[in-house]
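**Student:** Let me see the structure of the following:
(one chain, ligands or ions: 1)
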Amino acid sequence: MGVLNVTPDSFSDGGRYASVEAAIGHGVEMAGQGAGIIDVGGESTRPGAEPVPARDELERVIPVVAGLTERGIAVSIDTAKPEVARAALEAGALVVNDVTGLADPLMAPLVAEFSAGVVIMHMQGQPRTMQDDPHYEDVVGEVRDYLLARARAAEEAGVRRECIAVDPGIGFGKTFEHNLELLRNLQVLVETGYPVLLGASRKAFLGRILGGSVPAPERDPATGATVALAIEQGVAIVRVHNVAMTTQIARTVESILGRDS
Ligand code: PMM
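**Tutor:** Numbers count the residues shown, from 1 in each chain. Alright, predicted model coming up:
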């Protein structure tokens, strides 16, 4: 899964049309490099981020979703808002990637209505405050139990089991140690039977491992270590910025493990 963030920073130069074209171009490039799906997001979920009104989010993402689906590229929409998800599904998106674990009660029925796929992610708290003081007794068990409960609730709302993937939500209401513990125990999530998605690409915990002075765009080798270990543990989907590198890593790990890629 290639990350395509269409947030205001990407609108800072060249005007709106140029930015939409550039975003579509980047999505096409990632698909050519081996991404099976492009994850389009218009609301930053970084720690401290403020919510974005639905109208702004729609304006940012829908032209990009439409441009990619018109070119035959599979798209997931990274949103927690049912109105944004609906517009993206109408524009051809196949998957809803909801970092709030389908918190809005309209979301699961919407996914069911479109027979769409869904990524259910775990987050403790809200982006604005989630890193203030995350606390767990047993982070791996609590994340697993939450994901199972949300997946079952989605099924009860009509989402088919085979349409659901689960995600531990690296960096979402987790300390450095919580993130490492989850990454060490991904097989516990794999054992739920749902495909597991991992989003560790360029995240802050990697910056800390690397000593605090490596900026996000330079954290791809560290991201690669998480990708290799995740695939080895049975993770089905990795959400990454650097698709070309990740395709090489995935093919290599799967060949060594004797799995089809
Ligand atoms: N991380 C971010 C945004 N969306 N979605 C899923 N399913 N899992 C993630 O880990 C995830 C996500 C934030 O990362 P970014 O700012 O680099 O996109």
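
**Student:** low pLDDT regions in this structure?
**Tutor:** By pLDDT under 70, the weakly predicted segments of the chain are 9-18, 261.

**Student:** Of all the residues in it, which one is nearest the ligand?
**Tutor:** Across the chain, no residue is closer to the ligand than Gly199, which sits at 2.2 Å (CB to the nearest ligand atom). Yep, even glycine has a C-beta here, placed from its N, CA and C like the rest.

**Student:** quick one: that residue from Glu29, how far?
**Tutor:** 20 Å (CB to CB, to the nearest Å).

**Student:** of these two, who's got more company?
**Tutor:** Neighbours were counted for Gly199 and for Glu29 using other CB atoms under 10 Å; Gly199 has more, 25 against 14.

**Student:** mind listing what the more buried one touches?
**Tutor:** Listed by CB atoms under 8 Å, 6 or more residues apart in numbering, the contact set of Gly199 reads Met121, Asp167, Gly169, Ile170, Val238, Arg239.

**Student:** Of those, just say which sits nearest to Asp39.
**Tutor:** Nearest to Asp39, judged by CB to CB, of these is Arg239 at 6.0 Å.

**Student:** got the buried residues for the helix or strand hosting Leu189?
**Tutor:** Take DSSP states H and E as the rule and Leu189 turns out to sit in helix 186-190. Across helix 186-190, burial judged by 16 or more other CB atoms under 10 Å covers Leu186, Val188, Leu189, Val190.

**Student:** can you put those residues in TSV and add distance to Met1?
**Tutor:** Below are the buried residues of helix 186-190 laid out as TSV (distance: CB to CB, whole Å):
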residue	distance to Met1
Leu186	16
Val188	21
Leu189	16
Val190	17
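
**Student:** For burial, what's the neighbour tally of the closest residue in space to Ala108 that isn't next to it in sequence?
**Tutor:** Distances taken as CB to CB, 6 or more residues apart in numbering place Ala157 nearest to Ala108, at 3.6 Å, with adjacent residues excluded. With neighbours defined by other CB under 10 Å, the count for Ala157 comes to 17.

**Student:** Could you do the one 4 residues further on as well?
**Tutor:** Arg161 has 11 neighbours, counted by other CB under 10 Å.

**Student:** What degree of burial does Glu162 show, as a neighbour count?
**Tutor:** Neighbour count for Glu162, taken as other CB under 10 Å: 9.
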